[in-house]
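S.K.: fold the stuff below for me.
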Amino acid sequence: MFEKLKAILVENFDVNEEDITLDTELAGDLGISSIDFADLIITCETEFDIEIDDEATDKLVTVGDVVDYLESHVEK
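M.R.: Residues are numbered from 1 along each chain as shown. Model (predicted):
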């Protein structure tokens, strides 16, 4: 899941793969704006065929937070 998310970030948000770890903050470290974050959520919803509710998005601060959310909500 981490590798898939990393690929999405690199392809869609012009960030360096080397800068992405589980502890990397989306806004603070990668410079993901609120608009970019909304695009990331939509991309993840499409890519993983899930719906991420607004309440959950408030808790998605780091790459690891997103990976944990996806791993617990995406059917294997």
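S.K.: V10 touches N16, doesn't it?
M.R.: Yes - with contact defined as C-beta atoms under 8 Å, V10 reaches N16; the gap is 7.5 Å. Where you see a C-beta, it was placed from the backbone N, CA and C, and this is true even at glycine.
S.K.: so what pLDDT did I35 get?
M.R.: Each residue has a pLDDT score; the one for I35 is 96.
S.K.: ok, V10 and N16, which is more surrounded?
M.R.: Using other C-beta atoms under 10 Å as the criterion, V10 and N16 rank with V10 on top: 15 against 9.
S.K.: quick check: closest non-adjacent residue to the more buried one.
M.R.: Distances taken as C-beta to C-beta, 6 or more residues apart in numbering place E17 nearest to V10, at 5.1 Å, with adjacent residues excluded.
S.K.: quick check: the gap between the one you found and T43.
M.R.: E17 sits 17 Å away from T43, going by C-beta to C-beta, to the nearest Å.
S.K.: okay, the two: which has more neighbours?
M.R.: Neighbour totals were compared for E17 and T43, and T43 leads with 16 against 10 (other C-beta under 10 Å).
S.K.: pretty sure the more buried one is touching A7, no?
M.R.: No - contact criterion C-beta under 8 Å: T43 and A7 do not qualify, at 10.7 Å.
S.K.: next one: the helix or strand bottoming out on mean pLDDT in the chain to chain centre, how far?
M.R.: Ranked by mean pLDDT, DSSP states H and E, the weakest helix or strand in the chain is helix 54-57, scoring a mean of 92. Distance, stretch centre to chain centre, for helix 54-57: 13 Å (C-alpha atoms, centre = their mean, to the nearest Å).
S.K.: ok, residues contacting that helix?
M.R.: F37, I41, Y69 (C-beta atoms under 8 Å, 6 or more residues apart in numbering).
S.K.: assign a three-state SS to the residue nearest the centre of the chain, would you?
M.R.: Geometric centre of the chain, nearest residue: V66, 4.8 Å, by C-alpha atoms, centre = their mean. Under DSSP: H, G, I helix; E, B strand; the rest coil, the three-state class of V66 is helix.
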